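Undergrad: Fold the stuff below for me.
(2 chains)
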Amino acid sequence: DVKVTQSSRYLVKRTGEKVFLECVQDMDHENMFWYRQDPGLGLRLIYFSYDVKMKEKGDIPEGYSVSREKKERFSLILESASTNQTSMYLCASKIMTGEFSGNTIYFGEGSWLTVV
Amino acid sequence: GENVEQHPSTLSVQEGDSAVIKCTYSDSASNYFPWYKQELGKRPQLIIDIRSNVGEKKDQRIAVTLNKTAKHFSLHITETQPEDSAVYFCAATTGSSNTGKLIFGQGTTLQVKP
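TA: Sure thing, here's the model as predicted:
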């Protein structure tokens, strides 16, 4: 069974703090993603990674960075948290194979971050 | 880059009625269009998808149609049930599974009244 695990479900951080959101998948997937979910805005892509040590900006990368040192782990970093980063963060992964196969992405449970 | 617009933002139907959610996309090279369902407090999960070489796909009470010329695709749910109540997201992607990234619509909150 597919499993994407986000280590922290609920976090409360202070403005200016450095925040780490961790995501681990056990499916040997090459591709991993970080999305942010806000009401009325849907799921917006922050960063994604094709493979270990490879990353690419999504649509809203400002204020975020990522780290992919191991294939199974993709971390989202907020260098200096701000109140407008209060949101639900979803990690996802997918396999990388074939032209039309392997496009299904699997999501983690989500991490609710509140910045005060 | 790709942009996906989804309508309506909220939809309320009586149990047994049909529900239709529509999405448009901007990138004519998009070739894969999935729909995800997110129940309250849970992760989004794939319910159906369609590829650009197909015009329609059906799975029991759920169907998706694609009009490549108009660059829009729709989700149809027939004989709705209370357990269909959830947020639904459409998405579009370009490129192969090696490089393709999913761009999501804004979401539709569907409420099915018993």
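Undergrad: Is the spatially most central residue of chain A bridged to anything, and to what?
TA: Here the mean C-alpha position of chain A is nearest to the C-alpha of A:Trp34 (Cα atoms, centre = their mean), at a distance of 2.4 Å. Note on A:Trp34: beta-bridge partners by DSSP bridges are A:Tyr47, A:Cys91.
Undergrad: Kindly report the same for A:Trp112.
TA: A:Tyr10, A:Met88.
Undergrad: Kindly tell me how buried it is, as a neighbour count.
TA: 15 (other Cβ atoms under 10 Å in any protein chain shown). (Each C-beta comes from the backbone N, C-alpha and C, glycine too.)
Undergrad: ok, it touching A:Gln6?
TA: No. With contacts counted by Cβ atoms under 8 Å, A:Trp112 stays clear of A:Gln6, the gap being 10.1 Å.
Undergrad: per-residue confidence at the residue nearest to the centre of chain A?
TA: pLDDT for A:Trp34: 97.
Undergrad: what's around residue 20, how many residues?
TA: I went with chain A, as the question did not name one. 12.
Undergrad: The chain in question should be chain B.
TA: 16.
Undergrad: same question, the one 10 residues further on
TA: Close neighbours of B:Ser30, defined as other Cβ under 10 Å, add up to 22.
Undergrad: ok, it - contacts?
TA: B:Glu2, B:Ser52, B:Lys71, B:Ala92, B:Thr93, B:Thr94 (Cβ atoms under 8 Å, 6 or more residues apart in numbering or on different chains).
Undergrad: go on, B:Asp27?
TA: Going by Cβ under 8 Å, 6+ apart, B:Asp27 touches B:Gly1, B:Glu2, B:Asn3, B:Ala92, B:Thr94.
Undergrad: for chain A, what are the nearby residues on chain B?
TA: For chain B, the residues in contact with chain A (Cβ under 8 Å from any Cβ of the partner chain) are B:1, B:6, B:9, B:31-32, B:34, B:42-46, B:49, B:51, B:89, B:91, B:93, B:96-107.
Undergrad: now the residues you listed: which count as buried?
TA: Neighbour-count burial (16 or more other Cβ atoms under 10 Å in any protein chain shown) applied to the residues of chain B next to chain A gives B:6, B:31-32, B:34, B:43-44, B:49, B:89, B:91, B:93, B:96-97, B:100-107.
Undergrad: My read is that the residue nearest to the centre of chain A contacts A:Lys55, right?
TA: No. The pair A:Trp34 / A:Lys55 is not scored as a contact, 9.9 Å apart, by Cβ under 8 Å.
Undergrad: hmm, back to that, tell me the most packed of the contacts of B:Asp27, by neighbour count.
TA: So for those (other Cβ under 10 Å), the most neighbours sit at B:Ala92, 27 neighbours.
Undergrad: Which elements pack onto the strand or helix carrying that residue?
TA: Assigned by DSSP states H and E, B:Ala92 falls within strand B:86-92. Here strand B:86-92 is seen to pack against strand A:42-49, strand B:4-7, strand B:19-25, strand B:32-38, strand B:72-77, strand B:103-104, strand B:108-113 when contacts are counted using 3 or more Cβ pairs under 8 Å, 6 or more residues apart in numbering or on different chains; DSSP states H and E.
Undergrad: A:Thr15: which of these is closest?
TA: Minimum separation from A:Thr15 across those (Cβ to Cβ) falls at strand A:42-49, 19.2 Å.
Undergrad: so how far is the helix or strand just after that closest one from its chain's centroid?
TA: Counting by DSSP H and E, the next helix or strand C-terminal to strand A:42-49 is strand A:56-57. Offset of strand A:56-57 from its chain centre (Cα atoms, centre = their mean, to the nearest Å): 12 Å.
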